[in-house]
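A.B. asks: how would this look folded up:
(one chain, ligands or ions: 2)
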Amino acid sequence: MSVANFQPAERVRSFGTTVFAEYSALALQYNAVNLGQGFPDFAPPDFVIEAARTALISGYNQYARSAGHPRLVKAIAAVYSPLYGRDLDPLTEIVVTTGATEAIFATMQGLVNPGDEVILIEPFYDSYPAAVLMAGGTPVYVPLRPAPGATSAADWSLDMDELAAAITPRTRLLVVNTPNNPVGKVFSQTELESIASLVQERDLVVLSDEVYEWMTYDGIPHLRLATLPGMWERTITLGSAGKTFSVTGWKIGWAIAPRPLAHAVLMAHQWIPFAVTTPLQEAVGAAFEQVEERGYFAELTRMYNAKRDKLAEALAAVGLTPVIPQGSYFILVDTAHLDPAHRDAPTPTDDPRDVQICRWLTREIGVAAIPPSAFYSPGHKVLAKDVARFCFCKTDAVLDAAAQRLRQNFG
Ligand code: PMP
Ligand code: GLN
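C.D. replies: Numbers count the residues shown, from 1 in each chain. Ligands and ions are numbered 1, 2, ... in the order given. Have a look, this model is predicted:
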């Protein structure tokens, strides 16, 4: 082997750089207002930072319990037990992971055998297919379909016949993401009931990624798939402190599942990081203990609802018709009428149209957005050609700066 022609292992060879790394770098390079990668650009709440400060000086600096620091798993059980209508066992039904990202990876490692199929609904969070492939599984893709002229995320729906047709005897797992990144769709009771009945009929397990659980708007409730009849036994639900407390850099997430499924996740997790950073688990535990008295979740929802309205209005005002999200902190917009070829665009490439549009928005318009084709399989990337994703987990000043740049160019 020579270093010059060194090849990564086959399991990672096909992977490119993530869209988030690419567009954050591009935004910096062109000094664009960054509405690309979804991370809050504002400080987390004081009580959360205070909890971390206290944890660091109180001796929580050595390895944590592998499945999760006791204070955090107890706090998670206390917050979620009423929401699930059952007493969650903090010691056997919760696994704390290095962000929800590691929970996705550990779930695939813990549940998927080589050759198993995993159904991913498109557009998907981009780590799902990579995690399936690294476990030796085969992703099978079923797209959400927008109704013609869709202006609400509710107009994007899952064709249940298409989903049923994708299930084979090799199907092991279905991944559901509600509220969805990047569409902002919140699955309704009827939709979840249809999914639940199919999953039970075909004896599948579900990974329900609910990291945006506290971000639903206009009074639309977030429904937990695991709470539907017959679903607790076959659902692994994911949450993220990054989203919940605006601390994406802390990389603390969790999986909630019945004991046998939680055990499978733990068997993988114990060999991935072994355990998650102790002081920050202590801090998230302390933060969860305070959410009720502070009315924290209602406040978070109110803040994001206002930011969603602000960005949606700014986009609509310049003709970038938004698909109004019911949840999450992302907005898709219709870019069909934009033509970068007419505006100092770099030489057209073979890249998908949405990639060209988002590069152009970042470089020339000065507002970074993410091309949603990154959330589709190669065969379905064309479905994203006329959309771009903007995020609104940003300060009002940054959202206003983005609106101003859009007005200057499109107004
Ligand atoms: N799932 C979805 C749908 C996401 O958007 C994200 C955001 N990065 C994650 C999982 C990962 O969460 P974490 O930052 O906790 O790893
Ligand atoms: N979840 C965030 C997004 O979709 C970022 C995730 C990441 O950078 N890996 O923008």
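A.B. asks: quick one: contacts for the closest residue to A75 other than its chain neighbours?
C.D. replies: Nearest residue to A75 in three dimensions, chain neighbours excluded: F288, at 3.8 Å (CB to CB, 6 or more residues apart in numbering). All C-beta atoms are positioned from the backbone trio N, CA, C, and that covers glycine. Each residue near F288 by CB atoms under 8 Å, 6 or more residues apart in numbering is listed here: L72, A75, I76, A78, V79.
A.B. asks: ok, is the helix or strand where F288 lies in contact with ligand 1 or not?
C.D. replies: Per DSSP states H and E, F288 falls inside helix 278-294. No - applying CB under 6 Å from any ligand atom, one finds helix 278-294 separated from ligand 1 by no less than 11.2 Å.
A.B. asks: Export only the CA atoms of that helix, formatted as CSV.
C.D. replies: C-alpha atoms of helix 278-294 as CSV (Å, rounded to 0.1, in the frame of the first residue of the first chain):
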residue,chain,number,x,y,z
THR,A,278,-20.6,13.1,32.2
PRO,A,279,-20.8,16.8,33.2
LEU,A,280,-23.0,17.6,30.3
GLN,A,281,-25.3,14.7,31.1
GLU,A,282,-25.5,15.9,34.6
ALA,A,283,-26.4,19.4,33.2
VAL,A,284,-29.1,18.1,30.9
GLY,A,285,-30.5,16.1,33.8
ALA,A,286,-30.6,19.2,35.9
ALA,A,287,-32.2,21.2,33.1
PHE,A,288,-34.9,18.6,32.5
GLU,A,289,-35.7,18.8,36.2
GLN,A,290,-36.5,22.5,35.8
VAL,A,291,-38.6,22.5,32.6
GLU,A,292,-41.9,22.2,34.2
GLU,A,293,-41.6,25.0,36.8
ARG,A,294,-40.1,27.3,34.1
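A.B. asks: quick one: buried residues of that helix?
C.D. replies: For helix 278-294, the neighbour count (16 or more other CB atoms under 10 Å) marks 278-289, 291 as buried.
A.B. asks: Over to stretch 218-227?
C.D. replies: Buried, per 16+ other CB under 10 Å, within stretch 218-227: H222, L223, R224, L225, A226, T227.
A.B. asks: Is any residue of that stretch near ligand 1?
C.D. replies: No - against ligand 1, stretch 218-227 shows no contacts by CB under 6 Å from any ligand atom, the least distance being 13.3 Å.
A.B. asks: got it, and stretch 318-333?
C.D. replies: No - using CB under 6 Å from any ligand atom, stretch 318-333 stays clear of ligand 1, coming no nearer than 7.4 Å.
A.B. asks: can you pull out the helices in the stretch 301-411 of the chain?
C.D. replies: Assigned by DSSP state H, counting those that start in this stretch, the stretch 301-411 of the chain shows helices spanning 353-360, 396-410.
A.B. asks: So which of those helices is nearest ligand 1?
C.D. replies: helix 353-360 (17.4 Å; CB to the nearest ligand atom).
A.B. asks: rewinding a little: looking at the contacts of F288, which has the most residues close by?
C.D. replies: L72 (29 neighbours; other CB atoms under 10 Å).
A.B. asks: That one in helix, strand or coil?
C.D. replies: Under DSSP: H, G, I helix; E, B strand; the rest coil, the three-state class of L72 is helix.
A.B. asks: Quick check: pLDDT value at it.
C.D. replies: At L72, the model reports a pLDDT of 98.
A.B. asks: what does D351 give?
C.D. replies: Reported pLDDT for D351: 87.
A.B. asks: contacting residues around the closest residue to ligand 2 within the chain?
C.D. replies: As assessed by CB to the nearest ligand atom, ligand 2 sits closest to G38 within the chain, at 3.0 Å. By CB under 8 Å, 6+ apart, the contact list for G38 reads N181, T248, Y329, F330, C391, C393.
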